[in-house]
Every structure is written in C-alpha cells, then in structure tokens.
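Participant: need a structure here:
(2 chains)
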Amino acid sequence: DIQMTQSPSTLSASVGDRVTITCRASQSISGWLAWYQQKPGKAPKLLIYKASSLESGVPSRFSGSGSGTQFTLTISSLQPDDFATYYCQQYNSYWTFGQGTKVEVK
Amino acid sequence: QLQLVESGGGVVQPGGSLRLSCAASGFTFSSYGMHWVRQAPGKGLEWVAFIQSDGSNKYYADSVKGRFTISRDNSKNTLYLQMNSLRGDDTAVYYCAGASTVTRHFDCWGQGTLVTVSS
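Facilitator: Numbering: from 1, shown residues only, chains lettered A, B, ... in the order given. As a prediction, this is how the structure comes out:
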C-alpha cells in the first residue's frame, strides 16, 4: 500500500502569508496526486489534480508542484477564506489520503 | 451541475447493518467510477470502497473488506454501500465521491451522511 505523509500537521499563518504544504509518497506515484480543501462540517473540495492542474473556479493563488514522491501545495497570498484543512491524495495505485494539514490563524 | 446526495445514515448497534445510498444528478453517472470515503469524528479522510463505471470491478479498504459491499444501479443513477457487522470504529461521516474514468481524480462529492455505531 502507498502511504502519504503530509507536513506540517498544523500551520499557523497570517493573511497575506505565502503558505507551503508538503506531501510525500512512500513510492513513486508519477503525477497522480490531488489536493483538497475541507472546512468544518463540509465535504472536501478539489483544488489541484494531476499534481499541478488547477481545478476550474479555484483561485490562482493556489498552485501545486512535484512528481514521483515529493509534492507541494502553495498558497501565494493567504486569504481569510483559506483557513481550512488540506489533504493530499494519491490515485496512482488505489487511493490514499494524507493525514491533513490544518491552516490556522496565527 | 454535478450533484451527489447521500442518505441512509443513522444510529445502529454494534453488529448491526445499514445501507447508504448516493443519488447522482447533473452528469453522466454511468461514465464515472464511484467511491465511498469516510471521516471519523475529528479525524482525516479514509478511502473505503470503489466501483467501476459499469460495476465490473470493486475494491475495498482492508478495514471494511468482507463486511461492506459497494454496488450501483446506473438506471437509477444511484450508488450504494451495504454495511454489515458494524463496529464502533465505523462511526464516521460517509461521503460518496465521483471520479471521471478519464481523469480519475474525485471531482464531485456529496454532503455526507453520519453513521453512528453505538449501543
């Protein structure tokens, strides 16, 4: 089974900050990685797919990069609506989520 | 627009059974692989089960294998999850999610339905 490890688990940041979340796969997943945003009591929302493709309607301040086993989600300038939990997910071999990264107010 | 609506959650005793449903609209259901994903209270997302667009292939997480069964009725645009031998650690919000057979990522999600296993 492919394991996905996100870091950090919690990130404290301020509006306007550049935020970076890392996701590491236990084996190569090529580019089959997605990022989701989840707010309390709500379903996850797709942000990025195929490692770096921005889902339609998602603000351009979100970007993804990486391949193989190392991936990054970047928020270029954190906005009030971005305080949430973020999950990476591999879909190369079956499906596995990372443990999540909570972005909280500093 | 793409919409998924889950139903069937509730409180069930340990060892009991429950069937969840997920009604799809706004897209060609028969062209989508469908998943169930769950989230225990205060925890992260856990993939549970997958069924191919035509129902020909099914996969399960080890934690539910042999107890849960995923199925679909493309004529009714509906996905199901039959859950048997329920345990306390099955308590979670259960989401259905759709993935185009071409793109494979989960591009639509339901709002979730809560399953509580408790005596």
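
Participant: pretty sure residue B:1 contacts residue B:26?
Facilitator: Yes. When contacts are counted by C-beta atoms under 8 Å, residue B:1 is listed as touching residue B:26 (5.1 Å). Quick note: C-beta positions are derived from backbone N, CA and C, even for glycine.

Participant: out of these two, which sits in the more crowded spot?
Facilitator: More neighbours surround residue B:26 than the other of residue B:1 and residue B:26, with 11 against 6 (other C-beta atoms under 10 Å in any protein chain shown).

Participant: Please, which helix or strand holds the residue nearest the centre of chain B?
Facilitator: Residue closest to the mean C-alpha point of chain B, counted by C-alpha atoms, centre = their mean, is residue B:36 at 2.9 Å. Using DSSP states H and E, residue B:36 falls within strand B:32-39.

Participant: That strand: how far from the chain's middle?
Facilitator: Chain-centre distance of strand B:32-39: 5 Å, with C-alpha atoms, centre = their mean, to the nearest Å.

Participant: By mean pLDDT, flag the weakest helix or strand of chain B.
Facilitator: strand B:106-109 (a mean of 94; mean pLDDT, DSSP states H and E).

Participant: And for it, what's in contact with it?
Facilitator: Around strand B:106-109, the neighbours that count as contacts under C-beta atoms under 8 Å, 6 or more residues apart in numbering or on different chains are A:34, A:36, A:43-46, A:49, A:55, A:89, A:91, B:2-4, B:27, B:35, B:37, B:95-100.

Participant: now the strands for the chain?
Facilitator: Since no chain was named, I'll use chain A. For chain A, applying DSSP state E gives strands covering A:4-7, A:10-13, A:19-25, A:33-38, A:45-49, A:53-54, A:62-67, A:70-75, A:85-90, A:96-97, A:101-105.

Participant: my bad, the chain I had in mind was chain B
Facilitator: So, for chain B - with DSSP E - the strands run B:3-7, B:10-12, B:18-25, B:32-39, B:45-51, B:58-60, B:68-73, B:78-83, B:92-100, B:106-109, B:113-117.

Participant: for the ones you listed, which one sits closest to residue A:19?
Facilitator: Proximity to residue A:19, assessed across those by C-beta to C-beta, is greatest for strand B:45-51 (20.1 Å).

Participant: If you count contacts, what does that closest one end up packed against?
Facilitator: With contacts defined as 3 or more C-beta pairs under 8 Å, 6 or more residues apart in numbering or on different chains; DSSP states H and E, the packing partners of strand B:45-51 are strand A:96-97, strand B:32-39, strand B:58-60, strand B:68-73, strand B:78-83.

Participant: which residues touch the last one?
Facilitator: Contacts with strand B:78-83, where a contact means C-beta under 8 Å, 6+ apart, come from B:17-24, B:34, B:36, B:48-49, B:51, B:64, B:67-73, B:90, B:94, B:96, B:115.

Participant: Go again with 6 Å.
Facilitator: Strand B:78-83 is contacted from outside by B:18-23, B:34, B:36, B:68-72, B:96, using C-beta atoms under 6 Å, 6 or more residues apart in numbering or on different chains.

Participant: Next: the third one.
Facilitator: Contact with strand B:58-60 is made by B:49, B:50, B:51, B:70, as judged by C-beta under 6 Å, 6+ apart.

Participant: Out of those residues, the closest to chain A would be?
Facilitator: residue B:50 (7.0 Å; C-beta to the nearest C-beta).

Participant: Identify the residues contacting the closest one.
Facilitator: Counting by C-beta under 6 Å, 6+ apart, residue B:50 has contacts B:35, B:59.

Participant: and the residue positioned nearest the centre of chain A, bridged to which residues?
Facilitator: Compute the mean C-alpha point of chain A, and by C-alpha atoms, centre = their mean the closest residue is residue A:35, 3.9 Å away. When bridges are called by DSSP bridges, residue A:35 pairs up with residue A:48, residue A:88.

Participant: No more questions from me, cheers.
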